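In: only geometry, no sequence info:
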Ligand code: SF4
Ligand code: FES
C-alpha cells in the first residue's frame, strides 16, 4: 500500500536509448520516487504514462527470470531488484555493457548463450537413463558441493561486469560457473569434455581475477571462485595423462563414458560470434572495482622490481671469494644505501597495497562453504609475519 508521502518526491531517470543502427542518446524522464518502486517499476511507469516507445526487458519482477539486467549508475544490476529510494541525483540507466544493443535497454545475449552450449552445461551421466531405472540419489554433502553454482539465473550481469569478456574472446563467468556446477555433480561423467573446452584459448586462463563478476551477481553464485577451481582442474586435467601410464587419455575416456550424449559439440574458439560493443581505451575508469583492479595490477610491477632487488641482496650474500663476514657487511651496506632506503620507502606502501588488494578479493575467490576460516587464515598469516619481523627487528 502506497502512502501519500510516497509521491512527494521525484527522481530523474537518464536513460541511454538506442535505435537499431543509430547512436545512443540520453533521454531524461521524471518519475515519482516511491519507496516501493524498483527501476523496473519506473521503466514500466514511463512506458505506460510518458513514452510508450521505451523498450526494456522484464518478467517475473522478483529476481528469478534474469531478464531485466541493466546498468544503473555504471553498475550492472537487476532492474527489479534495485530501488528508486536508494537513488542519489539523476539515475543513469544504460543497456548492459559488451552485448550488442537491439533497442534501448534490450541487448542480444546470443554469444553468452553460445558459451553455455559449448561448455555442455547439462548433465552427462555415464549411462543413459532408462524408464524404470531407480532415481540417482545424492547425499546432502554431494548436493552442497555444487548447489550454489546451480543458482544462476542467466541474468548476464557478470558478463557485463567482466572487462575480459569485453576486451577479448572469453567464454565468460556464468557459463564457466555452470560448467563447474556439472563437473561437481556426483551424477555427471562429462567433466573431461568440459575441462578440454574450459582450458582452450578463450577459456578459464583468460580470467585475470578482476572479481567483479562475483561482486555484481544477484544470486551469489561466485563465478570467480568457480573459474579459479576450473583453472586448477584444467591444469591437473592436462597433467594427469602424463603421469598415469597405461591409461587412456582423459579426453578419449570422456567421450566414450558419455557416449549417450546427443548434445552439440564444442565449437572452436575461432567460430565464436564477435559482435561485442567496444570497451574504449579508458574502460578501467568507469567503475570503482575496475580502478581497484588496475591499481592491484600496477602494484605488481613494483612488487616484481622489489623481488629483483632482494635477489640481488641474496647474490651479494652468497657470491664466493670473500669470507662470510665481509659478504654480510657488503650486503648490509647495499641494503642501507640511500638508493636502497628510497626503494624501501617507495616499495613499502605499494607492497602493502598489493597484499591488501589480494586479501580483499580473497572472499570472492573462495567457495562459500569454507570461506570464512580461509579468509581469517589468509589475513592472520601476513599480520603475524609482520608482527614477527617487527619484533625481531626491535629485539
Ligand atoms: S553467475 Fe550470477 S551474475 Fe552471472 S548470469 Fe548467473 S546469476 Fe547472473
Ligand atoms: S524481472 Fe525477472 S529478474 Fe528482474
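Out: Arrived safely. Since we're looking at a predicted model, the values are computed, not measured. Numbering: from 1, shown residues only. Ligands and ions are numbered 1, 2, ... in the order given.
In: Spell out the secondary structure type for the closest residue to ligand 2 within the stretch 201-350 of the chain.
Out: The minimum distance from the stretch 201-350 of the chain to ligand 2, using C-beta to the nearest ligand atom, falls at residue 218 (7.8 Å). The way it works is simple: take the backbone N, C-alpha and C, and place the C-beta from them, glycine included. At residue 218 the chain is in coil, as set by DSSP: H, G, I helix; E, B strand; the rest coil.
In: Can you pull the phi/psi pair for it?
Out: In terms of degrees, to the nearest 10, the main-chain angles of residue 218 are phi -80, psi -10.
In: Next up, the contacts around the nearest residue to it once chain neighbours are set aside.
Out: Using C-beta to C-beta, 6 or more residues apart in numbering and skipping the chain neighbours, the partner closest in space to residue 218 is residue 78 (5.2 Å). With contacts defined as C-beta atoms under 8 Å, 6 or more residues apart in numbering, the neighbours of residue 78 are 63, 66, 68-69, 155, 157, 218.
In: quick one: which of the residues you listed is most hemmed in?
Out: Tallying neighbours with other C-beta atoms under 10 Å puts residue 69 at the head of the contacts of residue 78, with 30 neighbours.
In: So which of the contacts of residue 78 sit within helices?
Out: residue 157 (DSSP state H).
In: which among the contacts of residue 78 gets closest to residue 306?
Out: residue 157 (37.2 Å; C-beta to C-beta).
In: which residue sits closest to that closest one, ignoring its sequence neighbours?
Out: Nearest to residue 157 is residue 76, by C-beta to C-beta, 6+ apart, at 4.0 Å.
In: Ok, residue 302 next?
Out: residue 350 (4.3 Å).
In: Just say helix, strand or coil for that neighbour.
Out: Applying three-state DSSP: residue 350 is helix.
In: these two touch, right, it and residue 300?
Out: No: Residue 350 sits out of contact with residue 300 when judged by C-beta atoms under 8 Å, with a separation of 9.2 Å.
In: Pick out whichever of the two has more residues nearby.
Out: A count of neighbours by other C-beta under 10 Å puts residue 350 above the other of residue 350 and residue 300, at 18 against 14.
In: Which of the contacts of residue 78 fall in strands?
Out: Among those, DSSP state E puts residue 69 in strands.
In: Which parts of the stretch 51-200 of the chain are strands?
Out: Along the stretch 51-200 of the chain, counting by DSSP state E, counting those that start in this stretch, strands occupy 69-72, 75-78, 91-94, 101-103, 106-107.
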